[in-house]
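Q: Here's my sequence, what's the structure:
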Amino acid sequence: MTNEINTNIPQSARVYDYWLGGKDNFPADRALGDAIAEQVPTIRTMVRGQRAFLGRAVRWLAGEAGIRQFLDIGTGIPSAGNVHEVAQEIAPEARVLYVDNARSCWPTPGPWSPAPTPGRSSSSRPTCASPRRSWPTRPWPRPWT
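A: Numbering: from 1, shown residues only. The predicted structure follows:
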């Protein structure tokens, strides 16, 4: 498997990044994003609404519900308001595990890394092609440490 990302083929996480006004997208992603926006003119408003809901949900879970461990599946490309940023505003000890099967979402050193607080957030690359086979078949024995 090559580590190169084919920037000539649009990828959903990068299109989503484009709609959010991010910088981690390429001409193919923008072209697809614009084509979809022609058919669904409210798409940018909808994805911003989804992102706002994510922030409200995490803020409530970390605050009112007292949740301290989060699993973000289908993470996408890191942008402002990631789960760890929102959760750790409320509870600095909160921990987040990011998981995504899109190679362009895998963290690399630099601006795409979603873990500015070492030990409090991390990421996981998929170990097999089937998400069903990736899921634990028994409960986790203890909280993450």
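Q: Helices of this structure, residue ranges please.
A: Under the criterion DSSP state H, the chain contains helices at 12-19, 27-39, 43-63, 83-90, 131-134.
Q: got CSV for those helices, with mean neighbour count too?
A: Using the backbone N, CA and C atoms, a C-beta is placed for each residue, glycine as well. CSV is the format used below for the helices of the chain (neighbours: other Cβ atoms under 10 Å):
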stretch, mean neighbour count
helix 12-19, 22
helix 27-39, 15
helix 43-63, 15
helix 83-90, 20
helix 131-134, 10
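Q: Out of the helices and strands in the protein, which is least certain?
A: With mean pLDDT, DSSP states H and E as the measure, the helix or strand of the chain carrying the lowest mean pLDDT is helix 131-134 (a mean of 44).
Q: would you list the helices of the chain in CSV and tack on distance to residue 4?
A: Formatted as CSV, those follow (distance: least, Cβ to Cβ, whole Å):
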stretch, distance to residue 4
helix 12-19, 15
helix 27-39, 15
helix 43-63, 27
helix 83-90, 28
helix 131-134, 24
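Q: Select, out of these, the one closest to residue 6.
A: Among the helices of the chain, helix 27-39 comes nearest to residue 6, with 8.7 Å by Cβ to Cβ.
Q: avg pLDDT for that closest one?
A: Averaging pLDDT along helix 27-39 yields 98.
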